[in-house]
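K.L.:
based on what follows, work out the 3D shape:
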Amino acid sequence: MQTLPRKDSSIAKYATISKLDGSSVWRFLLMPRELNFKRNINYQSTSTSTNIPIAQFASLEGWNLTASIPLYSREYDITEHALSISKLMEPDPITPPILTWRWGNRLLSPCVMTRCDRTEFDWFPDGRLRGCNLAIGLAEVNEKMLVI
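P.N.:
Numbering: from 1, shown residues only. Predicted structure coming up:
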């Protein structure tokens with residue numbers, strides 16, 4: 001398990017992102033101001049025999065989650081930890097890793113990481129990274145399409 005070194009707080013709540021196969025787990029403090037869940041349904045316009053268009057169901061997309069993950073350490077450079085999370089988007093070897101996101105009893109699985117933006121806000125005097133926010137995007141994957 002890869003965990004950023006820090007002192008635990010009684011009010012801290014941790015979340016995890018893990019590979020579905022259980023090979024890696026990333027644990028991080030999650031104190032969101034908001035979590036954005038989005039889901040779309042698609043319709044196609046179809047004409048009837050009287051040429052009146054009707055909307056016909058085409059597909060239902062899985063849930064998409066966007067969240068901000070704060071990473072901070074008073075003692076350690078967190079660059080490698082932040083990069084290890086962003087690498088969850090990279091094909092392994094030709095498809096992205098299938099993930100599970102869990103926070104308490106909340107779960108988004110199976111999913112893939114679609115976005116990881118890093119905003120740095122604090123550094124040690126020598127330039128090593130001390131604090132950043134990762135804005136991540138996760139997209140639910142249809143279990144029927146998984147090849148494991």
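
K.L.:
wouldn't residue 120 be in contact with residue 128 here?
P.N.:
No - counting by Cβ atoms under 8 Å, residue 120 stays clear of residue 128, with 10.8 Å between them. Every residue, glycine included, has its C-beta placed from N, CA and C.

K.L.:
where along this structure do the helices fall?
P.N.:
Along the chain, counting by DSSP state H, helices occupy 79-86.

K.L.:
what is the least confident helix or strand in it?
P.N.:
When each helix and strand of the chain is scored by mean pLDDT, DSSP states H and E, strand 2-3 comes last, with a mean of 56.

K.L.:
now the angle from the top strand by length along the chain to helix 79-86?
P.N.:
The residue-count maximum for a strand in the chain (DSSP state E) belongs to strand 106-123. Orientation note: strand 106-123 sits at an angle of 150 degrees relative to helix 79-86 (axes from the mean of the first three to the mean of the last three Cα atoms, to 10 degrees).

K.L.:
quick one: strand 106-123 to chain centroid distance?
P.N.:
Distance of strand 106-123 from the chain centroid (Cα atoms, centre = their mean, to the nearest Å) equals 4 Å.

K.L.:
same question, stretch 36-52
P.N.:
Distance of stretch 36-52 from its chain centroid, counting by Cα atoms, centre = their mean, is 29 Å.

K.L.:
what about that stretch, start to end distance?
P.N.:
37 Å (Cα to Cα, to the nearest Å).
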